[in-house]
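A.B. asks: Fold the stuff below for me.
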Amino acid sequence: QVHLVESGGDSVQPGGSLRLSCVASGFTFNEYGMSWYRQAPGRELQYVAGIRSGGESTDYTNSVKGRFTISRDNAKNILYLQLNNLKTEDTAMYYCAKATENSWVVLDAWGQGTLVTVSS
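C.D. replies: Numbers count the residues shown, from 1 in each chain. You can find the predicted model right below:
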């Protein structure tokens, strides 16, 4: 059974940083792409970043390029999202998701989310 558990969300001021983690279990982590999504209050779910199974390729939505970094530790089965220079518009629940293959497009499992609040 696939299990994804996010952590690391917190309340920070604009310009601050956070590192989100997603611990994965129940599948062979190093064989699947992974993604981060977010959902702000009252808004639709938004793609944030994706990473291939070996970490050799990553992708970001335009609004986070240069500020967020997705990475993974396949030895520990952990997906990360480093958030730097946070803005108030980054406030959202952040979710990690497992892809169905070595990509980040089609997803078949989600975590419960971790809340990031950016406010002065």
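
A.B. asks: Look up the closest residue to the most centrally placed residue in the chain, ignoring the ones flanking it.
C.D. replies: By CA atoms, centre = their mean, the chain has its centre lying nearest to Trp36, at 2.9 Å. In space, and not counting its chain neighbours, Trp36 is closest to Val48: 4.3 Å by CB to CB, 6 or more residues apart in numbering. All C-beta spots, glycine's among them, are computed from the backbone N, C-alpha and C.

A.B. asks: ok, now Tyr80?
C.D. replies: Ser71 (4.8 Å).

A.B. asks: give me phi/psi at the one you found?
C.D. replies: Main-chain torsions, Ser71, degrees, to the nearest 10: phi -150, psi 170.

A.B. asks: any idea which element the residue nearest to the centre of the chain lies in?
C.D. replies: strand 34-39 (DSSP states H and E).

A.B. asks: In that strand, which residues are buried?
C.D. replies: Neighbour-count burial for strand 34-39 flags 34-38 (criterion: 16 or more other CB atoms under 10 Å).

A.B. asks: Enumerate every residue touching the residue nearest to the centre of the chain.
C.D. replies: Contacts for Trp36 (CB atoms under 8 Å, 6 or more residues apart in numbering) come out as 20, 22, 48-50, 70, 79, 81, 94-97.

A.B. asks: In strands, which of those residues appear?
C.D. replies: 20, 22, 48-50, 70, 79, 81, 94-97 (DSSP state E).

A.B. asks: Residues in contact with stretch 57-66: which ones?
C.D. replies: Taking CB under 8 Å, 6+ apart as the rule, stretch 57-66 contacts 46-52, 68-71, 89-90, 104.

A.B. asks: what's the neighbour count on Asn77?
C.D. replies: Using other CB atoms under 10 Å, Asn77 has 16 other residues around it.

A.B. asks: pLDDT averaged over stretch 103-116, what's the number?
C.D. replies: Model confidence over stretch 103-116 averages 93 on the pLDDT scale.

A.B. asks: same deal with stretch 82-97?
C.D. replies: On average, stretch 82-97 scores 98.
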